[in-house]
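**Q** would you be able to build a 3D model of this:
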Amino acid sequence: MTEDDKNRAGPDAELRALAARIELVVFDVDGVLTDGRLYLGDDGTEFKAFHVRDGHGFKLLREAGIRVAALSGRRSSAVTRRMEELQVDMHRQGCEHKDRDFGELLQHFGVDAKAAAYLGDDVIDLPAMRLAGLPVAVADAHPAVRSAARWITTLAGGRGAARELCDLIIDTRQCAHASA
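**A** Predicted coordinates for the structure are as follows:
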């Protein structure tokens, strides 16, 4: 499947079937929930910008009974604050081995990897993406990540890409329940 196929205007039937069975969505933070840029004040304070629509997508997932988690390679009090605001089921920072952390999330929530989605942007995300039933990349992800993804968002990290994935999952679940 080419990148153009992955990023087509509408999801194909196979992608919709994968998305409809998702029970856990795991998001990288920097470059996915933010645009990846770091803003540092003179006093060392770190600032990050999060997109409000992504946050609302998290709420929609939780309302649909889908678990939400985040894994970050860095540590930041801004991330802790935002994840707490969004009532994310679990978040971890300082993750050096995201495949291990992803596996621990699956075990913690009792979710099969086939029922989990992972949204990433850089090569540190590849090990976790390879385990996920639905590996997804943001539009401006590293080329290797785009190649490993089953689907690529149309929006860039920090610009609503996470909401695109949330909407895909919610929409496909609603369609699956309506046709059942």
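
**Q** going forward, measure contacts between C-alpha atoms and count neighbours the same way
**A** Fine.

**Q** so Ala116 makes contact with Leu134?
**A** Yes. The criterion here is C-alpha atoms under 8 Å, and Ala116 meets it with Leu134 at 6.4 Å.

**Q** of these two, which one has the most company?
**A** Neighbours were counted for Ala116 and for Leu134 using other C-alpha atoms under 10 Å; Ala116 has more, 27 against 23.

**Q** any idea how far Ala13 is from the nearest residue to the more buried one once chain neighbours are set aside?
**A** What sits nearest to Ala116 in space, not counting adjacent residues and going by C-alpha to C-alpha, 6 or more residues apart in numbering, is Leu24, at 4.8 Å. Distance of Leu24 to Ala13, computed by C-alpha to C-alpha, to the nearest Å: 20 Å.

**Q** and these two? Which one has more around it.
**A** Taking other C-alpha under 10 Å, Leu24 and Ala13 do not tie; Leu24 has more neighbours (27 against 10).

**Q** show me the helices in this protein, by range?
**A** 3-6, 13-20, 52-63, 77-85, 98-109, 126-131, 143-148, 161-179 (DSSP state H).

**Q** closest one to Asp43 among those?
**A** helix 77-85 (14.5 Å; C-alpha to C-alpha).

**Q** re earlier: can you say which of the helices of the chain is packed in most?
**A** helix 126-131 (a mean of 21; mean count of other C-alpha atoms under 10 Å).

**Q** average model confidence for it?
**A** When pLDDT is averaged over helix 126-131, the result is 97.

**Q** what packs against that helix?
**A** Under the contact definition 3 or more C-alpha pairs under 8 Å, 6 or more residues apart in numbering; DSSP states H and E, helix 126-131 sits against helix 98-109, strand 116-120, helix 143-148.

**Q** next, the angle from the second one to helix 98-109.
**A** Spelled out, it's strand 116-120. Strand 116-120 and helix 98-109 meet at an angle of 150 degrees, taking axes from the mean of the first three to the mean of the last three C-alpha atoms, to 10 degrees as the criterion.

**Q** so what are the sheet partners of strand 116-120 and their directions?
**A** strand 24-28 (parallel), strand 134-137 (parallel) (DSSP bridges).
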